[in-house]
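Asker: Build the 3D model from these lines:
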Amino acid sequence: IISVAAKPGLAIGMEEEDGEEAVRRAWLRWLGVGTGSLALLLAGLWTQRAPIAENFVTRELNRRGVQARYDLVDVGLRTQRIENIILGDPARPDLTARWVEVDIAFAGLTPKVAAVRAGGVRLRGSLHDGVLELGDLDQFRDPNSTAPFSLPDITVALTDARMTLDTDVGPVGMEMDGSGNLQSGFRGQLAAAMPRAAMAGCALTMMRASLDIAMDGGKPRLAGPVTADALACRNAGAALAQPVGRIDLTLGQALDRWTGRADLSGKALRGGGMVLASPRARVDFDGSVARTTGQMRLDATGLSGRGALLGRTSLAGQWAIGPETRFQGQLNGDNLRLPGRDPFGGLRSGAAGTPVAPLAAKLADAVERAGAGNRISTTLALVQKAGVGSLAITDAALDARSGARIAIAQGGQMTIAWPGKAAGIDWALDGAI
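Answerer: Model (predicted):
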């Protein structure tokens, strides 16, 4: 029999190792239980994610006082899909959509909407004095904010989206497809129609447009063809039949200002008893509903009115439309003539007894001698407000190929004012002819 005695130090070491092993096993056991419980909890939350999300959405809509109907179809870690959406009064909803997908991103621990994709959207709203109202959708804004309207910094993709908007210039219906960031980068196509558009004293009837739309720095830019049945400016006493144009327009961030250029043409432009045949114009503009200013150049194949005919005609200058209408510029034309069997006798007798009788007589003599080869040029200044207006003519001259010439002397001016005491027009001549 062999007996072995253990050393005291070795026994103590083995006991310490057994204790550490027991502690590790306990920690591993609790870690496993905790991890398993967490996994079961997450699995339970994942299986119940749709009811949880729907309850959250319902509570949020109720808190904001928004009437809503929708089907929550899919809830993922990043993307949620909602279908058959109705916001507002079901009898007259502010928004409907066949489907919407929302991508969620996290800034730290805070979730935010990163992107929205939508199809079959129908939206109603109004835009007056730079304030956009969208019914129940306004409940999602900060009620204490006084900041002007601006588009959100968010990426969107729209398919078959339509909107009816009541604006200061009239109701407009729009259809849009496009994608990109609404602050900068969005690109799409916009079709618009307005039964009547009125701004700055002018009105378009049955306006239709097919425009490319681009967002840059929060400002929408619209470019493309525009047509209408008629354009009339009551304050200016002018109307354009069947206008066709192409615009390049940039709106302000609050959609209350505009700047750009328009190339216009039409069958005839009528105003002040005159008719321009086949006019074509380039108009630059900048302003708001209250007042818009700009420059223009207009060319026409002919000008007729007041018993006179003018061949190829051009008009260029600066203009303003608002509480009053103003234009200042230069008129040039070729081949002034007076139709009829005795046109010059009519011109002389029609002006008899008025301050312009000498001018009319000399003009008749000059045109009679000039025949078909003449050119007329003059500087114009027009002002009109509430149906009362005046036209000042300076630096006017008619030069004929024969050498005949008639002109208002330097420093002279002829003024035409309306309404007048006789025949609706008053004439005045300051200077010599």
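
Asker: for the nearest residue to G65 once chain neighbours are set aside, helix, strand, or coil?
Answerer: Taking C-beta to C-beta, 6 or more residues apart in numbering as the measure, G65 lies nearest to Q139, with 5.8 Å between them; neighbours along the chain are not counted. Glycine gets a C-beta too; all of them are placed from N, C-alpha and C. Using DSSP: H, G, I helix; E, B strand; the rest coil, the structure places Q139 in helix.

Asker: Could you double-check that Q139 lies in contact with Q67?
Answerer: No - with contacts counted by C-beta atoms under 8 Å, Q139 stays clear of Q67, the gap being 10.0 Å.

Asker: can you pull out the strands in the stretch 251-400 of the chain?
Answerer: Taking DSSP state E, counting those that start in this stretch, the strands of the stretch 251-400 of the chain run over residues 258-265, 268-271, 274-277, 280-287, 292-300, 302-305, 308-310, 313-321, 325-334, 374-385, 388-400.

Asker: L303: what's it in contact with?
Answerer: Taking C-beta atoms under 8 Å, 6 or more residues apart in numbering as the definition of contact, the neighbours of L303 are 274-277, 309-310, 313, 333.

Asker: Now with 7 Å, please.
Answerer: Counting by C-beta atoms under 7 Å, 6 or more residues apart in numbering, L303 touches 274, 276, 310, 313, 333.

Asker: any idea how far the first one is from T415?
Answerer: What it means is M274. Using C-beta to C-beta, to the nearest Å, M274 is found at 17 Å from T415.

Asker: What of the second one?
Answerer: According to C-beta to C-beta, L276 and T415 sit 22 Å apart.

Asker: Which one of these two is surrounded by more residues?
Answerer: L276 (25 against 16; other C-beta atoms under 10 Å).

Asker: G266 is in contact with that one, correct?
Answerer: No - in this structure, L276 is not within contact of G266 by C-beta atoms under 7 Å, at 8.9 Å.

Asker: If we ignore the residues flanking it in sequence, what's nearest W319?
Answerer: When the adjacent residues along the chain are set aside, W319 lies closest to F327, with 4.7 Å between them (C-beta to C-beta, 6+ apart).

Asker: Likewise for A281?
Answerer: On the basis of C-beta to C-beta, 6+ apart, the spatially nearest residue to A281 that is not a chain neighbour turns out to be L298, at 4.2 Å.

Asker: residues in contact with the one you found?
Answerer: When contacts are taken as C-beta under 7 Å, 6+ apart, L298 is in contact with 279, 281, 314-315.

Asker: ok so, going back, which of the contacts of L303 has the most neighbours?
Answerer: If you rank the contacts of L303 by neighbour count (other C-beta under 10 Å), L276 sits at the top with 25 neighbours.

Asker: contacting residues around that residue?
Answerer: L276 is in contact with 268-269, 300, 303, 313, counting by C-beta under 7 Å, 6+ apart.

Asker: could you redo those as JSON lines and give each row distance to G403?
Answerer: Output for these, formatted as JSON lines (distance: C-beta to C-beta, whole Å):
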{"residue": "A268", "distance to G403": "34"}
{"residue": "L269", "distance to G403": "33"}
{"residue": "A300", "distance to G403": "28"}
{"residue": "L303", "distance to G403": "24"}
{"residue": "T313", "distance to G403": "23"}
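
Asker: Of those residues, just say which sits nearest to S150.
Answerer: Sorting the contacts of L276 by distance to S150 puts L269 at the head of the list, at 38.2 Å, by C-beta to C-beta.

Asker: Not counting its neighbours along the chain, what's nearest D263?
Answerer: Nearest in space to D263, with sequence neighbours left out and distances taken as C-beta to C-beta, 6+ apart, is R246 at 4.9 Å.

Asker: Make sure that neighbour is actually in contact with D212.
Answerer: No - proximity of R246 to D212 does not meet the contact threshold set by C-beta under 7 Å, at 11.2 Å.

Asker: between those two, what contacts are shared?
Answerer: Between them, R246 and D212 share these contacting residues under C-beta under 7 Å, 6+ apart: G224.

Asker: could you point out the longest strand in the chain?
Answerer: As assigned by DSSP state E, the longest strand anywhere in the chain is strand 202-216.

Asker: partner residues bridging the closest residue to D166 other than its chain neighbours?
Answerer: Counting by C-beta to C-beta, 6+ apart, D166 lies nearest to S126, which is 4.2 Å off, once chain neighbours are set aside. For S126, the beta-bridge partners are E133, D166 (DSSP bridges).

Asker: again with A214
Answerer: Here A214 sits in beta bridges with R187, R221, going by DSSP bridges.

Asker: looking at this protein, which helix or strand is least sure?
Answerer: When the helices and strands of the chain are compared on mean pLDDT, DSSP states H and E, helix 8-47 comes out lowest with a mean of 50.

Asker: okay, which residue is most central for the chain?
Answerer: L251 (5.3 Å; C-alpha atoms, centre = their mean).

Asker: That one is in contact with P220, isn't it?
Answerer: Yes - using C-beta under 7 Å, L251 and P220 qualify as a contacting pair, with a distance of 4.9 Å.

Asker: How many residues are close by M207?
Answerer: Using other C-beta under 10 Å, M207 is surrounded by 22 other residues.

Asker: what do you get for D103?
Answerer: As a burial measure, the neighbour count of D103 was computed by other C-beta under 10 Å and equals 15.

Asker: Kind regards, and thank you for your time.
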